[in-house]
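> what shape does this take:
(2 chains, ligands or ions: 1)
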Amino acid sequence: MSTSIEQLSCQELVELVTNYLEDALAQEERDSFEHHIAGCTGCHEYVRQMRQTIELTGRLTTADVSPEVEAKLLAVFRDWKSR
Amino acid sequence: MEHAVSLDDARLVKALRARDERAFEELMRMYNASLLRVAQIYVASRTVAEEVVQETWIGVFNGIDRFETRSSLKTWIFRILTNIAKTRGQREGRTVPFSALERPDAVPEAAVDADRFLSPDHERWPGHWASKPEPWPEERLLAAETRELVDRAIEQLPPAQRAVISLRDVEGWSSEETRNALGVSETNQRVLLHRARSKVRQALEDYLMESQ
Ligand SMILES: [Zn+2]
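The predicted model follows:
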């Protein structure tokens, strides 16, 4: 591991979390990321909170189509159908 | 999985070609909300975005007989939308949202406020947490109010960030599907997702820790 990578600070780490979770870090960066969170309670918690955030966002339900919009679009569909 | 999607596509395409209203209702429920969110990246008002979505469906009806299964139905529908929305946005003289998709890091944004960290020239712990994140109270995480807070935090995001987090994390789309729908590069999609998730996390922290 190079010195610069070993010195990954907490402030730098929080900017890499999405790349980490998306599996978009190079192996070397990934190693130093994991090495850091293994020894830093703040960053360990931060990554956990990002996972919790993603999970909570996934519990939101897709907005329903309002009855007015639905009626309007169905009218457009029927217009096309009758052509 | 890719296969199951294609079978479903084939069924919907066939039904829509037969002018089956229920097939259209199904498509509308699947995609209308997402179409509206993506349209809002390109046009200023919700009213215009709704018009763009309506025009998109007309484009779908008119094109369905010629649709070829080389792309997924979803990708095809969103391509129609982005074409219409871009033209509409250009006519309105909106150029800012494009840079939000093409150069999202032109304006730097920190995931966490700099004042949460020790200064970069701190002699022992440069860039280390000055006030580190504390665990959130589990029992409040699943409360309905917390969910509403997440919803509001997403609503307040800039349109491009809002579209990416909605497709990826609310709708559960893959990164590839999201990139195709938005016509955005992989890197830029990740930048937008990162900013969106970071802000929602911050909103949660502010809310969950305020009474602690
Ligand atoms: Zn750290």
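> looking at chain A, which helix or strand does the model trust least?
The least trusted helix or strand in chain A, going by mean pLDDT, DSSP states H and E, turns out to be helix A:3-6, with a mean of 46.
> next one: chain B
The least trusted helix or strand in chain B, going by mean pLDDT, DSSP H and E, turns out to be helix B:96-102, with a mean of 67.
> re the thing from before, so what secondary structure elements neighbour the helix or strand just after the least confident helix or strand of chain A?
Counting by DSSP states H and E, the next helix or strand C-terminal to helix A:3-6 is helix A:10-13. Helix A:10-13 sits against helix A:27-39, helix A:41-57, with contacts defined as 3 or more Cβ pairs under 8 Å, 6 or more residues apart in numbering or on different chains; DSSP states H and E. To be clear about C-beta, it is placed using only N, CA and C from the backbone, and glycine gets the same treatment.
> for chain B, find the nearest of those helices.
With respect to chain B, and counting by Cβ to the nearest Cβ, the nearest of these is helix A:41-57 at 3.0 Å.
> so which elements touch that closest one?
The helices and strands touching helix A:41-57, judged by 3+ Cβ pairs under 8 Å, 6+ apart, are helix A:10-13, helix A:17-21, helix A:27-39, helix B:144-155, helix B:186-209.
> run the last query once more with 6 Å
Secondary structure elements in contact with helix A:41-57, counted by 3 or more Cβ pairs under 6 Å, 6 or more residues apart in numbering or on different chains; DSSP states H and E, are helix A:10-13, helix A:27-39, helix B:186-209.
> need these in a markdown table with mean pLDDT, distance to the ion and mean neighbour count, can you?
Below are the helices and strands packed on helix A:41-57 laid out as a markdown table (pLDDT from 0 to 100; distance: least, Cβ to the ion, whole Å; neighbours: other Cβ atoms under 10 Å in any protein chain shown):
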| stretch | mean pLDDT | distance to the ion | mean neighbour count |
| --- | --- | --- | --- |
| helix A:10-13 | 97 | 3 | 21 |
| helix A:27-39 | 96 | 6 | 15 |
| helix B:186-209 | 96 | 15 | 20 |
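> got the residues of chain A near the ion?
Near the ion, the residues belonging to chain A are A:10, A:40, A:43 when assessed by Cβ under 5 Å from the ion.
> skipping adjacent residues, who's closest to the second one in space?
Think residue A:40. In this structure, residue A:40 finds its nearest non-sequential neighbour in residue A:10, 6.4 Å apart by Cβ to Cβ, 6 or more residues apart in numbering or on different chains.
> how about the residues of chain B near chain A?
Remark: the part of chain B in contact with chain A comprises B:19, B:24, B:28, B:32-33, B:57, B:61, B:111-112, B:117, B:127-129, B:132-133, B:150-151, B:169-170, B:190, B:193-194, B:197, B:200-201, B:204, using Cβ under 6 Å from any Cβ of the partner chain.
> what subset of those residues is buried?
Among the residues of chain B next to chain A, those classed as buried by 16 or more other Cβ atoms under 10 Å in any protein chain shown are B:19, B:24, B:28, B:32-33, B:57, B:61, B:111-112, B:117, B:127-129, B:132-133, B:150-151, B:169-170, B:190, B:193-194, B:197, B:200-201, B:204.
> I'd say residue B:161 and residue B:198 touch.
No. Taking contacts as Cβ atoms under 6 Å, residue B:161 lies outside contact range of residue B:198: 9.7 Å.
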